[in-house]
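Novice: Sequence first, predicted model second:
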Amino acid sequence: MLDINFIRNNPDKIKQAIANKHENAASIDEILELDVQRRSTIYACEQLKSKRNERSKAVNELKKKGQDASGIIEETKKIGDEIKSSEEKLKGLESQMNNLLLRIPNVPSADTPVGKDEKDNVVVKTWGNRKVFDFTPLPHWELGRILDILDLERSSKISGSGFILLKGLGAKLERALFSFMLDLHTREHGYTELFPPFLVNRTAMTGTGQLPKLEEDMYRTTVDDLFLVPTAEVPVTNIHRDEIFSYKDLPVYYTAYTPCFRREAGSYGKDTRGIIRVHQFNKVELVKLVRPETSYHELELLVGNAEKVLQLLGLEYRIVKLCTGDMSFAAAKCYDIEVWSPGLDKFLEVSSCSNFEDFQSRRINVRFRDEDGKIGFVHTLNGSGLALPRTVIALLETYQQKDGSIVIPDVLYPYMSGIKVIDKKEFK
RNA sequence: GGAGAGGUGGCUGAGUGGCUUAAAGCGACGGUUUGCUAAACCGUUGUAGGGACUAAAUCCCUACCCCGGGUUCGAAUCCCGGCCUCUCCGCCA
C-alpha cells in the first residue's frame, strides 16, 4: 500500500507508474477526492468529541456540588447523536478509500526498464556454459517415465492434472534438493530457518499483497476462510506484523521450505507438459526485513544467494531484470533467475527476487526505531532460493546420459546417501 | 467439543462508572556522584490520526487498556458478540 501523503504530493508520478505497470490509474483522483472529504470529516468529528468531553466534565463538577445538571445532559445527548452520524460517515469514507488504496500497485524503482511484457526485460548476467550432447537430450517427463521416478498419470488419478507424484530416487532427490538449499542458506548466507504453517488467514494474504487482487488464484478452505500458502513469503513476511524493531535487530534474514499451492487460474493450456507449471510445488524461500537505505544492496545480495544454488549444482542460468509491465503488483524492483533446460531448449524461471520497499510493511505495519528514536517502515524483500520443479527439470535434463540415467552433482551426494547416479535397474 | 479462568504500556502488575493525565515496580535512556564498574539519587519514557504553517521543531485536539457493537452526559471499568491464551475433562496423530 502506498502512503496517502505520498499520493497527495505526487499524484502524477503515481499515475505514470501505474500506467507503466499496465494497471488502472483512474482511482487516484477518486482517492484524492475521498481524502479531502475524509479529513474534513475527521476535523468536524473531533471538534464534537472535544465539546462532549468538556460537557461531561462540567456535569461531574455540578454533581459534586450537588447541583442540577439535567440541562447540560440533555444538550450533550444531542452532541452524542451528531458524533454518531459523523463517525458513520467517516467509516464509510475510510473503507472506500482503503479499498481503492489496496488495489494501487507499487511504484517501480527508477532503474526499472519501462516496458510492456517479458520481451522488454533485460538480461543482466549469464552464467555457465551450454551443455553439449552427443545425442538428443530428452525432456524431463521422458526421463521421469523411463527411470520411474515421476508418475504423472497416477498423480492425476488422485488429484488431477498439475500435480506431481515422485517415486523412489525421484522423491529422494526432491528431499535432497531442499535440504541442500536450506543448509546452504543457513550455514553460508546467514539466514534463520523457519518452518511456518501452510494455511494462513485472510489478513496475512492481504498483508503481502496476494489479496484482494489474486483471490481466484488461491486455494481457500471455505469453512474456516484459510488459504493454502502460494509461497512461504506469506507466512514468513507476516510474522512480525504490528511490531517495531530496534535498529539493532535489523536486518532480519529468514529462509523457509514450504509447499506452494496455486490454482494457476487463467493459465490453462500453457506449459502443460511435464512439471513446468503445477498446482503444488516445493520451494525454499528467502525473506529479508531491512533498513530502507540498505534495501537495494540487500536485493543484490539476495540474488547472489539464490544464484549460488545453481552454481553449486552446475546449472547454466541467466538473470533478467524485469520491466515495469512484467513486474508483480507489489514489487518496486525485480530480478528473475532463469535456468537452462536442455530438453525443452529454453530458459525456465526458478526464482523471482524482489524489493518491495515499504509497500508490504505499510500493509502489515512493520516498523523500526532508528538510533535517534525515529520510527519508520522497514523494507521487505524476498526471492526463491529456489523453486524445486524447474530446478529438477534442469538437473535431470542437464545431467542425463545417453542411456537415460542421471548423474548426481557432487554437492548432493551427502543428501542422497552417497548415491551418484539415478538409473533404472534394467540399464545395469 | 465441554467446564472454568484470563487478555491493561517494552515487561510484571494495580485499577467495580467521573479524583486516571492508567498507580507501583522492573527495564531502557539522560544527568549527578565516581579512578573504572556497580550502587545510590534526580529526571525522562508509547502509538496513530487531525489541526495550528509550506517544511522542521513545537504546541493544541482526538483516538487507542485484545477486536467489534451497545448502555451512559461520561466506559479500561457495565452489557452483548467475536478472536486469542491458560487450566481441567473428552476426542485424537
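Specialist: Cool, got the structure.
Novice: going forward, measure contacts between C-alpha atoms and count neighbours the same way
Specialist: Will do.
Novice: Could I get the contacting residues of the residue lying closest to residue A:241 once chain neighbours are set aside?
Specialist: With Cα to Cα, 6 or more residues apart in numbering as the criterion, residue A:241 has its nearest non-adjacent residue at 5.0 Å, and that residue is residue A:364. Neighbour list for residue A:364: A:204, A:207, A:208, A:238, A:241, A:242 [criterion: Cα atoms under 8 Å, 6 or more residues apart in numbering].
Novice: Name the nearest of those residues relative to RNA strand B.
Specialist: residue A:242 (9.1 Å; Cα to the nearest atom of the strand).
Novice: Could you report the neighbour count for the closest residue to that closest one other than its chain neighbours?
Specialist: The spatially closest residue to residue A:242, leaving aside those adjacent along the chain, is residue A:365, at 4.8 Å (Cα to Cα, 6+ apart). When neighbours are counted by other Cα atoms under 10 Å, residue A:365 registers 19.
Novice: Wait, residue A:365 touches residue A:378, no?
Specialist: No - counting by Cα atoms under 8 Å, residue A:365 stays clear of residue A:378, with 9.0 Å between them.
Novice: who's in contact with the nearest residue to residue A:409 once chain neighbours are set aside?
Specialist: The spatial neighbour of residue A:409 that comes closest, neighbours along the chain excluded (Cα to Cα, 6+ apart), is residue A:313 at 6.0 Å. Each residue near residue A:313 by Cα under 8 Å, 6+ apart is listed here: A:395, A:409, A:411.
Novice: Return the entry from those residues with the maximum number of neighbours.
Specialist: Of all the contacts of residue A:313, residue A:395 has the most neighbours under the rule other Cα under 10 Å, reaching 25 neighbours.
Novice: tell me the mean pLDDT over stretch A:266-277?
Specialist: Average pLDDT, stretch A:266-277: 83.
Novice: who's residue A:334 bridged to?
Specialist: residue A:354 (DSSP bridges).
Novice: Next one: it from RNA strand B, what distance?
Specialist: 28 Å (Cα to the nearest atom of the strand, to the nearest Å).
Novice: That residue: neighbouring residues, count only.
Specialist: Neighbours of residue A:334 using other Cα under 10 Å come to 27.
Novice: Over to residue A:268?
Specialist: Neighbour tally, residue A:268, other Cα under 10 Å: 10.
Novice: from the contacts of residue A:313, which ones fall inside helices?
Specialist: With helices taken from DSSP state H, the overlap with these comprises residue A:395.
Novice: list the residues that contact both of residue A:365 and residue A:378?
Specialist: Common neighbours of residue A:365 and residue A:378 (Cα under 8 Å, 6+ apart) do not exist.
Novice: What mean pLDDT does stretch A:297-304 get?
Specialist: Mean predicted lDDT for stretch A:297-304 stands at 98.
Novice: Give me the buried positions along that stretch.
Specialist: For stretch A:297-304, a neighbour-count test (16 or more other Cα atoms under 10 Å) marks A:298, A:299, A:302, A:303 as buried.
Novice: What are the neighbouring residues in contact with the residue of the stretch 151-300 of chain A found nearest RNA strand B?
Specialist: Per Cα to the nearest atom of the strand, residue A:244 is where the stretch 151-300 of chain A lies closest to RNA strand B, at 8.2 Å. Applying Cα under 8 Å, 6+ apart to residue A:244 gives the contacts A:366, A:367, A:368, A:369.
Novice: Could you check the pLDDT of it?
Specialist: At residue A:244, pLDDT is 87.
Novice: what's it sitting at in phi/psi?
Specialist: Main-chain torsions, residue A:244, degrees, to the nearest 10: phi -120, psi 120.
Novice: which residues does it bridge with?
Specialist: Bridge pairing for residue A:244 - DSSP bridges - gives residue A:367.
Novice: For residue A:294, see how far away it is.
Specialist: 18 Å (Cα to Cα, to the nearest Å).
Novice: same thing with residue A:154?
Specialist: Taking Cα to Cα, one finds residue A:154 at 48 Å from residue A:294.
Novice: In the stretch 301-428 of chain A, which residue sits closest to RNA strand B?
Specialist: For the stretch 301-428 of chain A, Cα to the nearest atom of the strand, closest residue to RNA strand B: residue A:375, 5.8 Å.
Novice: Perfect, I'm done here.
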